Structures are given as C-alpha cells and as structure tokens.
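*Asks:* Got a sequence here, can you model it:
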Amino acid sequence: MTTDIESYFDQTHAEITAWRRHLHARPGLLYDVADTADFVADKLRDFGVDDVVTGLGQTGVVGLIRGRMPAANSAIGLRADMDALPIVEAKYLAETRDFKDTIAAIFQPAKEGGNGAKAMLDDEIIPLGCSYWVRLAQTRGAALMAHAA
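*Replies:* As a prediction, the model looks like this:
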C-alpha cells in the first residue's frame with residue numbers, strides 16, 4: 001500500500017535527482033558552501049517557505065514553514081548537513097502544511113570539524129523559532145547537534 005508521501009517522493013524523484021547532481025557537481029567543504037547555501041535558499045523560496053534566513057553561522061540556511069494551525073512559540077527543527085539536504089522534505093512540508101506548529105528546516109554547514117552548529121547558535125537562531133534546537137545543543141553540546149541525523 002503506497003502512502004501519500006511515498007507517492008509524492010515517487011513523483012518528484014527525477015527532480016530530486018537533478019538537484020543532487022547539480023549540488024554534487026559543485027562540492028564544498030566546511031564553510032565553503034556558498035553556492036549550496038544559495039541553491040537551498042532559492043529552492044526554499046520557490047517552495048513557498050514562509051521565511052528564509054541565510055548567513056547563519058556564515059553559510060547556514062534556515063527556512064520556517066508554518067503549519068495550518070501554528071501554535072505560539074512552538075517549532076520543530078529538521079536539521080541537515082549541507083551535503084545531506086532534506087530539500088524534498090521541506091518542499092513537501094511547504095506544499096502540504098499538514099501539521100501543527102512550525103517546522104524549521106535547518107541547513108548546517110561545517111559538520112565535520114568546523115563547529116557549524118556552534119556557529120549557527122552563536123548567530124542566535126532563537127528568534128527564528130528554533131529555541132528547542134538551541135536548548136538541546138546547549139544542554140548536550142553543539143558537537144552532538146553537529147553529528148545528529
């Protein structure tokens with residue numbers, strides 16, 4: 001039995017493959033992912049994500065997607081490395097908005113040895129509705145957040 005989300009991913013497979021090939025043709029390391037960050041930010045805007053913030057932790061990107069019934073001060077973070085992008089998930093969530101609260105799609109640079117999570121925290125991601133992500137990183141360490149899937 002195929003679910004709606006499985007069907008959605010099947011339908012967008014060719015598009016997703018093209019994104020991956022585009023990004024893999026322009027690899028970047030640590031914070032040298034400006035082209036990737038620009039690509040991600042442009043895609044998020046194309047998807048209709050409510051707010052797109054760039055330059056967090058140098059080259060990090062955060063997109064806020066508000067659900068149909070957003071609650072005050074409530075958000076869930078979906079974090080990915082710039083080389084493991086959940087762009088298709090952000091697209092699906094922006095199109096369906098079939099959830100409560102707000103989802104913050106967090107695209108973090110410099111996972112391996114570059115302290116990208118700490119750099120994003122230092123740029124105060126809290127005003128973006130990502131306070132849970134920040135509290136978790138502060139209590140368990142930015143290194144944990146940098147390596148969490």
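*Asks:* Going along the chain, name the helices of this protein.
*Replies:* Counting by DSSP state H, the chain has helices at residues 4-11, 13-24, 34-47, 87-96, 116-122, 131-140, 142-147.
*Asks:* so can I have a markdown table of the ones you listed showing distance to residue 62, mean pLDDT and mean neighbour count?
*Replies:* For every residue, glycine as well, the C-beta is placed using N, CA and C. Rendered in a markdown table, the data for the helices of the chain read as follows (distance: least, Cβ to Cβ, whole Å; pLDDT from 0 to 100; neighbours: other Cβ atoms under 10 Å):
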| stretch | distance to residue 62 | mean pLDDT | mean neighbour count |
| --- | --- | --- | --- |
| helix 4-11 | 23 | 82 | 11 |
| helix 13-24 | 18 | 85 | 12 |
| helix 34-47 | 9 | 92 | 18 |
| helix 87-96 | 11 | 82 | 19 |
| helix 116-122 | 8 | 78 | 22 |
| helix 131-140 | 10 | 45 | 16 |
| helix 142-147 | 14 | 38 | 17 |
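*Asks:* In TSV: these, plus distance to residue 69.
*Replies:* Rendered in TSV, the data for those read as follows (distance: least, Cβ to Cβ, whole Å):
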stretch	distance to residue 69
helix 4-11	19
helix 13-24	28
helix 34-47	20
helix 87-96	13
helix 116-122	28
helix 131-140	18
helix 142-147	28
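*Asks:* The ones you listed: which one's closest to residue 104?
*Replies:* helix 131-140 (7.0 Å; Cβ to Cβ).
*Asks:* so what's residue 54 up against?
*Replies:* 37-38, 41, 60-61 (Cβ atoms under 8 Å, 6 or more residues apart in numbering).
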